[in-house]
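K.L.:
From the sequence below, what's the structure:
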Amino acid sequence: MFSINVPYDIVEYSTELVEAVNFGVRGKQDGSKAQQLIGIISQNAVLHKLEMPLVTASRESKEYDFILNGKRVDVKSYKTFGRPRPDHEGFVVKEQIHYDLDTYLFGAYLIGERVLIVCGWLPKDEFIKNSRYVKKGDVFRLDNGNDFTARLNAYHIKNYQLNDLKSIKQLKNMGKIKPEDKQIGLF
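P.N.:
Got it, this is the predicted structure:
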């Protein structure tokens, strides 16, 4: 995991964009404006670090967020007030699992600090194979013993199941990393 300090102007731009555009257009389980804002701030923080154009109202795809190294990437993030741990979970809502993309990038946005923690990434096929489906209303126990009630029908995965990223340099190379490089510690 690594941190991205989110500049105030990125938060301000993202806020204005979400006020003007409804990005929750799935028809079911659409995110509230507050939830959309976390996603757009997170996406813009990553794009800013990658020196790519920020999200606009007329973004090209509603199924993925950007293309990096030839891979269609979807940023999945949630808000938190404390640093994410390896046993914390990222998720993809049921209605989005069929989207035509290659890679998920997971993050946690620390509200009070304006920091995005990049938790890791997985190719979509590995995510589908290794995630578990949780129905809205199901209660499940986290590794720390706390119970959590699912608010959405979604596929969940723990941070320790993700391919770790420790720097923006590794993020820029995401998808290029070969399994043997990961095993010997090159990334």
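K.L.:
quick one: stretch 140-153 to chain centroid distance?
P.N.:
Averaging C-alpha positions (CA atoms, centre = their mean, to the nearest Å) puts stretch 140-153 19 Å from its chain's average.
K.L.:
Need the distance between the two termini of it.
P.N.:
Criterion CA to CA, to the nearest Å; first-to-last residue distance in stretch 140-153 is 13 Å.
K.L.:
Stretch 112-129 now?
P.N.:
One end of stretch 112-129 to the other measures 34 Å (CA to CA).
K.L.:
now swap in stretch 157-170 and tell me
P.N.:
Start-to-end span of stretch 157-170 (CA to CA) is 21 Å.
K.L.:
And the contacts of stretch 143-153?
P.N.:
The contact list for stretch 143-153 (CB atoms under 8 Å, 6 or more residues apart in numbering) reads 29, 85, 87, 91, 93-94, 133-142, 158. In short, each C-beta sits where N, CA and C put it, glycine included.
K.L.:
er, stretch 37-54 actually
P.N.:
Here stretch 37-54 has contacts from 4, 6-7, 10-11, 13-15, 17-18, 23, 31, 55, 65-66, 68, 75-79, 105, 107, 109, 116, 118, 168, 171-172, using CB under 8 Å, 6+ apart.
K.L.:
Of the contacts of stretch 143-153, keep whichever come out buried.
P.N.:
Buried members of these, counted by 16 or more other CB atoms under 10 Å: 91, 93-94, 134, 158.
K.L.:
For residue 164, state which of the residues you listed is nearest.
P.N.:
Of all these, residue 164 sits closest to residue 158, with 12.3 Å by CB to CB.
K.L.:
residues in contact with the closest one?
P.N.:
Residue 158 makes contact with 86-89, 143, according to CB under 8 Å, 6+ apart.
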